[in-house]
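>>> Dropping a prediction and its sequence here:
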Amino acid sequence: MQPYQVNKRLEWIDAARGFAIFGIFMVNIGAFSAPYFLYGGAEDAWPAALDQFSLIFIDIFFQASFYTLFSILFGFGIQIQKDSLEKKHISPYGFFGRRLGALIVFGLIHAFAIWSGDILLTYGTIGFLLLLFLYSEDKILLGWAVGLLGISTVLLTGMQFAMRDFIDMHFTAQINQAYQTYRSGDFAAIFAQNAQDWQMSNGINGFIMFPFIFLPLFLFGMYLARKKWFHDPVRFTPILKKVWLISLLGFIVFKIGPYAFGNPSWFALMQDNIGGTASAVFYLTSITLLWQKRPAQKMLHLLAPIGKMALSNYLLQSIISVWLFYGFGLGLYGEIRPIQQIGLVVGIFCLQVAGSMIWLRYFRFGPVEWLWRSITYKKVQPIKR
C-alpha cells in the first residue's frame, strides 16, 4: 500500500485548508488568552468601541466558519483517500481505523497536556461514525447531512428560545479561578484547570451533540468530493458559481442577519450551524474560483504550504499560545484586548506561512503529518525531499 502522491494534490484545496487554519486561530486566540470565550462576559470585560467592533468582526467572519470549513475538508479528504484505496483494491476500514486511532491519540495529548480546546479528539471519534457511510449513495450522504444538522439545530434553537432568560449567564467564579490558575506557573494546577475547561466545553454532553454537528459536515465534504466539482473547477464553473451565490445568501441571512435584531444568544446555534456552514462553503467556493485567476492564484498560493502542514501548524499554534498566555511563559493571560488578538494572530500566521514554505523546501511533509502517515501505512515514510 502506497501513500497518495503529493503531486496529485488539489492546490486550491490546500489553500482553503490553510485559510481554515488561519480562521480557527482567529477564534481560538480568544479562548487561549482569556476565560470569556468559554464562560461568557467578553462584552462586559472589553467595553471599548474598538474592542466591541473586533468581537463582532470575529463573530461574523470567523466564529463557526472555519471549524466547519475544516470539517468539510476532512470529509472531502476521506473520500479522496477512499477512492485511491479502491483503485488498488484495498479495504479502507483498516486504513482509516489506524488513521483515526492515531488522531485520537494526538487529540488526547493535545487536549490534556496542552490545551482544552482541542478538536482532534472529536474528529477522531466522530470519524469512526463516518466509516458507516463509506459506501452509501450520494443522496443518502446528503440526506443524513441535512437531516442531522438541520433538525437538531431547529429543535435546539427552539429549546434555547424557551430558555432565553437563563442563557446569558456569566460564570464569575470560574472566570476568577481561570485567571488565578493560568497566570500562575503551577503546572499541576494548570493541567487540572485545563481538564476542567475541557469538561466544560466537551464532556459527555458534548459528545452526545457532536454527531449532530461534525458528522453532517464530514458527510457533506464526502458528497462534494464525489461530485468532483472542486476537482475540476474549470469544467464545473457554472455549478460552482451557483453554489457560491447560494452560500453567500446563507452567509448574509444566518451569519450577518442576526445582528439586525440584536444578535440574541438563543439564536447562536442557528447562526453557527447553518450560517457557519454557509460561510464555510462560501469561503471554499471563493478560493476555488479565485484560483483560476492568475493574480489571485499567486496570493492564494501562499496558503497552500500551511494547508499541507495543517495538523503541525494547528498544534504549533497551541504551543505558541500557551507559552504566550500562561504563567509558565510570558503570562499574558487576560492582558490582550480583542483588537490586539487580531494583530497577534496575523503576525504569528505570517511567520507560520514563511516557516511552512521553508520546511517544505527540504521535507515532503510536516513533522506531525509524517508521523501520522507512518502510523497509517505501518511503515516509516521518507520525509526528506
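Okay, I see it.

>>> List the contacts of I114.
L315, S318, I319, V322 (Cβ atoms under 8 Å, 6 or more residues apart in numbering). The C-beta positions use only the backbone N, C-alpha and C, and glycine is treated the same way.

>>> ok, it to S33 distance?
15 Å (Cβ to Cβ, to the nearest Å).

>>> which residues touch stretch 325-339?
Contacts for stretch 325-339 (Cβ under 8 Å, 6+ apart): 30, 32-35, 42, 46, 48, 50-51, 53-55, 58, 179, 182-187, 190, 322-324, 344.

>>> Mind checking which of these are in helices?
Among those, the residues falling in helices (DSSP state H) are 30, 32-33, 42, 50-51, 53-55, 58, 179, 182, 187, 190, 322-324, 344.

>>> Filter these down to the buried ones and hand me the PyMOL line.
In PyMOL, this line selects whichever of these come out buried by 16 or more other Cβ atoms under 10 Å:
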select buried, resi 30+32+33+42+51+54+55+58+182+190+322+324+344
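
>>> Just give me the residue closest to the centre of this protein.
Y67 (2.5 Å; Cα atoms, centre = their mean).

>>> Is that residue in a helix, a strand, or coil?
Under the three-state scheme (DSSP: H, G, I helix; E, B strand; the rest coil), Y67 adopts helix.

>>> thought I348 was touching F22?
No - between I348 and F22 there is no contact under Cβ atoms under 8 Å: 9.8 Å.

>>> Now do the helices in the stretch 251-385 of the chain.
Using DSSP state H, counting those that start in this stretch, the helices of the stretch 251-385 of the chain run over 268-269, 276-290, 294-300, 304-308, 310-325, 338-362, 367-377.

>>> circling back to that earlier point, tell me which of I348 and F22 has more neighbours.
Legend: neighbour count by other Cβ atoms under 10 Å for I348 and F22, higher for F22 (21 against 18).

>>> which other helices and strands contact whatever helix or strand that one lives in?
F22 is part of helix 11-33 when elements are defined by DSSP states H and E. Counting contacts by 3 or more Cβ pairs under 8 Å, 6 or more residues apart in numbering; DSSP states H and E, helix 11-33 packs against helix 36-39, helix 49-61, helix 66-87, helix 276-290, helix 304-308, helix 310-325, helix 338-362.
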